[in-house]
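Student: Need a 3D model of the sequence below.
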Amino acid sequence: MAASTLTEVARLAGVSPATASRVLNGSARKPGKDIAERVRQAAESLGYIPNAQAQGLAKSSSGLIGLIVHDIADPYFAAIARGVQEAAREQRKMVLLATTGGGPAEEKEAVAAFAARRADSIVIAGSRSSRDEDKDGNSELAAELDRYCRNGGQVAVVGHPVVGATAPEGYHVVKVPNQELAGRLATELAGSWDGDFVIVGGPEGLLTSDDRVRGFQEGLERAGRRPAEVLRSAFNRSGGYDAGLELAARIKAARTNAGPSGEGGGAPKLCIFAVNDVMAIGAAAALRSEGLRIPRDAAIAGFDDIETLRDFRPALSTVRLPLEDIGRVATRATQRRLAGDDGDGADDASPGDITGEVTLRRSTEAAA
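Tutor: Here you go, the predicted model:
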């Protein structure tokens with residue numbers, strides 16, 4: 001059965017299609033109360049469904065928020081998405097979701113798609129990249145975002161600014177103190193751990209990972225410890241697992257070389273810092289697959305405090321970030337600007353409100 005049209009509603013109500021559109025699509029120009037009620041009754045009797053695009057044109061707002069994440073299956077991004085959804089619901093808006101795998105070229109395509117659908121604002125969550133292979137993608141993404149903002153769009157980026165983006169208006173950055181918090185974690189771990197440290201980081205040039213690596217090294221330096229070795233791997237669970245296998249082989253070789261001086265062979269123990277929790281989970285799984293136990297044979301810590309850790313054993317030491325709050329802050333920053341607040345984007349995003357907490361748990365306890 002064909003859907004009813006606005007023209008049919010107007011004919012039944014005895015008004016012009018323009019008048020029916022003003023009633024049903026939310027225009028600021030309102031006809032009289034009796035006429036409006038007649039149009040609404042006609043629409044209800046015909047089962048008419050208003051056109052969302054027409055409503056957006058009438059209201060100068062589509063009621064849509066675009067959200068771009070690397071991988072919604074990752075608990076980190078899922079938590080931020082919940083925060084975005086909650087803030088959108090407060091504004092009576094709907095969220096459109098795009099997952100990109102972390103590539104700026106894919107993010108550019110998502111921004112273009114949201115812009116074509118007249119999304120009021122866009123939130124981008126995910127680490128920025130300064131790698132050479134992402135140079136062209138960064139330029140294209142920056143140009144697409146600048147074009148979107150010049151046309152009245154609002155953008156909030158979690159973490160770092162998009163490389164090359166220059167729009168002076170409508171652009172917000174929600175800063176996360178990754179470097180500072182990683183430094184605090186290193187300092188606290190160094191106070192109770194006398195062995196060596198190893199960092200499992202993402203690819204060099206991935207800015208969030210680099211911040212956390214840099215901060216952890218600074219924390220060790222403040223504690224009077226030598227720098228940690230850095231192993232680079234994919235910024236996901238698989239990358240952590242691959243690094244964990246390499247470290248497991250080292251631990252077992254060191255145990256063999258140290259001789260049979262009790263369990264563990266007297267070999268020096270490692271404390272592993274993985275720059276996000278999913279990498280830490282992967283590394284821990286690799287250690288277990290090689291017959292090693294945490295924290296008996298190696299200690300391990302992560303970063304983010306994702307919800308999945310509730311079921312992880314031994315409980316993982318990490319840095320707790322308010323992930324849902326980050327999503328809410330990013331979304332509300334763009335909505336306040338849409339409502340007409342003054343001030344620059346960074347102030348609207350209230351980056352000073354984003355902080356975190358070092359949380360030490362069983363996975364970094366020194367073995368008896």
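Student: can you give me the strands in the protein?
Tutor: For the chain, strands defined by DSSP state E occupy the ranges 64-69, 94-99, 121-125, 154-158, 171-174, 196-201, 229-232, 270-274, 298-301, 318-320, 357-359.
Student: Provide the strand pairings for the third one, with the direction of each partner.
Tutor: Paired neighbours of strand 121-125 in the sheet (DSSP bridges): strand 64-69 (parallel), strand 154-158 (parallel).
Student: Mind putting those strands into CSV with mean pLDDT?
Tutor: Compiled in CSV, the strands paired with strand 121-125 are given as follows (pLDDT from 0 to 100):
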stretch, mean pLDDT
strand 64-69, 94
strand 154-158, 93
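Student: CSV for these, including distance to D34 and mean neighbour count?
Tutor: Backbone N, C-alpha and C define where each C-beta goes, glycine included. Below are those laid out as CSV (distance: least, C-beta to C-beta, whole Å; neighbours: other C-beta atoms under 10 Å):
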stretch, distance to D34, mean neighbour count
strand 64-69, 33, 25
strand 154-158, 38, 27
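Student: Distance to G302 for these - can I get that in a markdown table?
Tutor: Output for these, formatted as a markdown table (distance: least, C-beta to C-beta, whole Å):
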| stretch | distance to G302 |
| --- | --- |
| strand 64-69 | 19 |
| strand 154-158 | 19 |
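Student: Which among those strands is found nearest to L247?
Tutor: strand 64-69 (29.2 Å; C-beta to C-beta).
Student: For that closest one, which outside residues touch it?
Tutor: With contacts defined as C-beta atoms under 8 Å, 6 or more residues apart in numbering, strand 64-69 is touched by 56, 77, 80-81, 84, 88, 93-100, 107, 110-111, 113-114, 117-126, 331, 334.
Student: still on that earlier bit, and the strands of the chain, which one is worst for confidence?
Tutor: Of all the strands of the chain, the minimum mean pLDDT falls on strand 171-174 (a mean of 90).
Student: chain center to that one: distance?
Tutor: 13 Å (C-alpha atoms, centre = their mean, to the nearest Å).
Student: Relative to it, what are the paired strands and their orientations?
Tutor: Applying DSSP bridges to the sheet, strand 171-174 is found paired with strand 154-158 (parallel).
Student: Kindly reformat the strands of the chain as CSV and extend each row with distance to E218.
Tutor: Listed next are those as CSV, based on distance: least, C-beta to C-beta, whole Å:
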stretch, distance to E218
strand 64-69, 29
strand 94-99, 33
strand 121-125, 25
strand 154-158, 23
strand 171-174, 22
strand 196-201, 12
strand 229-232, 13
strand 270-274, 13
strand 298-301, 16
strand 318-320, 14
strand 357-359, 14
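Student: For A285, find the nearest of these.
Tutor: Among the strands of the chain, strand 298-301 comes nearest to A285, with 10.7 Å by C-beta to C-beta.
Student: So which of the strands paired with strand 121-125 is nearest A248?
Tutor: Among these, the nearest to A248 by C-beta to C-beta is strand 64-69 (31.3 Å).
Student: could I have that closest one exported to PDB, CA atoms only?
Tutor: Taking Å, rounded to 0.1, in the frame of the first residue of the first chain, the C-alpha atoms of strand 64-69 are listed here in PDB:
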ATOM      1  CA  LEU A  64      20.800  14.100  13.900                       C
ATOM      2  CA  ILE A  65      24.200  13.700  15.500                       C
ATOM      3  CA  GLY A  66      26.800  11.700  13.700                       C
ATOM      4  CA  LEU A  67      29.200   9.600  15.700                       C
ATOM      5  CA  ILE A  68      32.400   8.200  14.200                       C
ATOM      6  CA  VAL A  69      34.300   5.500  16.100                       C
END
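Student: okay, now the nearest residue in space to A98 that is not next to it in sequence: neighbour count?
Tutor: Spatial nearest neighbour of A98, excluding adjacent residues (C-beta to C-beta, 6 or more residues apart in numbering): A110 at 3.7 Å. Using other C-beta atoms under 10 Å, A110 is surrounded by 22 other residues.
Student: I figured S130 hits L207, correct?
Tutor: Yes: S130 is within contact range of L207, at 6.4 Å (criterion: C-beta atoms under 8 Å).
Student: list the contacts for N138?
Tutor: 104, 128-130, 162-164.
Student: Apply 6 Å and report the result again.
Tutor: If you count contacts by C-beta atoms under 6 Å, 6 or more residues apart in numbering, N138 has them with 104, 163-164.
Student: Could you double-check that A36 lies in contact with V23?
Tutor: Yes: using C-beta atoms under 6 Å, A36 is in contact with V23, at 4.8 Å.
Student: So for the two, which sits in the more crowded spot?
Tutor: Under the criterion of other C-beta under 10 Å, the comparison of A36 against V23 puts V23 first, with 24 against 18.
Student: among the strands of the chain, which is nearest A42?
Tutor: Distance to A42, taken as C-beta to C-beta, is lowest for strand 94-99 among these, at 26.5 Å.
Student: Of all the strands paired with strand 121-125, which one comes closest to R237?
Tutor: That would be, of these and by C-beta to C-beta, strand 64-69, which comes in at 16.1 Å.
Student: Kindly export stretch 172-183 (C-alpha atoms) in CSV.
Tutor: C-alpha atoms of stretch 172-183 as CSV (Å, rounded to 0.1, in the frame of the first residue of the first chain):
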residue,chain,number,x,y,z
HIS,A,172,35.8,21.5,19.6
VAL,A,173,38.5,19.2,21.2
VAL,A,174,37.8,17.2,24.3
LYS,A,175,41.3,16.7,25.7
VAL,A,176,42.1,13.6,27.7
PRO,A,177,45.2,13.8,29.9
ASN,A,178,46.7,10.6,28.7
GLN,A,179,50.3,11.6,29.2
GLU,A,180,49.8,12.8,32.7
LEU,A,181,47.8,9.8,33.8
ALA,A,182,50.3,7.3,32.3
GLY,A,183,53.0,9.1,34.2
